[in-house]
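Novice: sequence below, structure please.
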Amino acid sequence: MWQRNSGKSETEILQNQFTAYLTTAVKRRRHDYIQQQDRRLQIESLTEDFPFMPECSIEQDMFLGLPVLMQLEDSALLQALKELSERERYIFLARTLDGIGFEELGEEMGLGYKGVSAVYYRAVQKIRRKIEVMKNEF
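Specialist: You can find the predicted model right below:
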């Protein structure tokens, strides 16, 4: 692979291009792997060093139960959830956390399938917009 060539013939040019491509791909994959391992170690160290606090509020209990990656956006997500109406918040959380279908939610809320799905997707759009606004503020 590291054999020297003049790079004048078509096959040598192609070989040089492929070697450059392969070298770059391996370097990038190695870099991604090292970053992934570093992130994993950071997450593990954060979870080991976190003290136990028995007098936590409900919001803090929910926060501690979330995976670390979701905790990073917690302030934006929490703010977005607070701005939703009660109906939107209930439908969104029931669908995402409990996995309840639109039909079942419709029966429970007195809405049709399309009504519940519209409320759900509207809530998702509001949450996305709020998170984007908060990301742009920082």
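
Novice: ok, then the element right after the worst-scoring helix or strand of the chain on mean pLDDT?
Specialist: Across the helices and strands of the chain, mean confidence by mean pLDDT, DSSP states H and E is lowest for helix 68-71: a mean of 44. For helix 68-71, the succeeding helix or strand toward the C-terminus, using DSSP states H and E, is helix 74-83.

Novice: show me what that following helix is packed up against.
Specialist: Packing contacts for helix 74-83, counted by 3 or more CB pairs under 8 Å, 6 or more residues apart in numbering; DSSP states H and E, involve helix 86-96, helix 113-137. Heads up, the C-betas are built off the backbone N, CA and C, glycines and all.

Novice: ok, which of those comes nearest Ile34?
Specialist: Relative to Ile34, the nearest member of these by CB to CB is helix 113-137, separated by 26.3 Å.

Novice: and the angle for the closest one with helix 74-83?
Specialist: Using axes from the mean of the first three to the mean of the last three CA atoms, to 10 degrees, the inter-axis angle of helix 113-137 relative to helix 74-83 is 140 degrees.

Novice: how far does helix 113-137 sit from its chain's centre?
Specialist: In terms of CA atoms, centre = their mean, to the nearest Å, the centre of helix 113-137 is found 15 Å from the chain centre.
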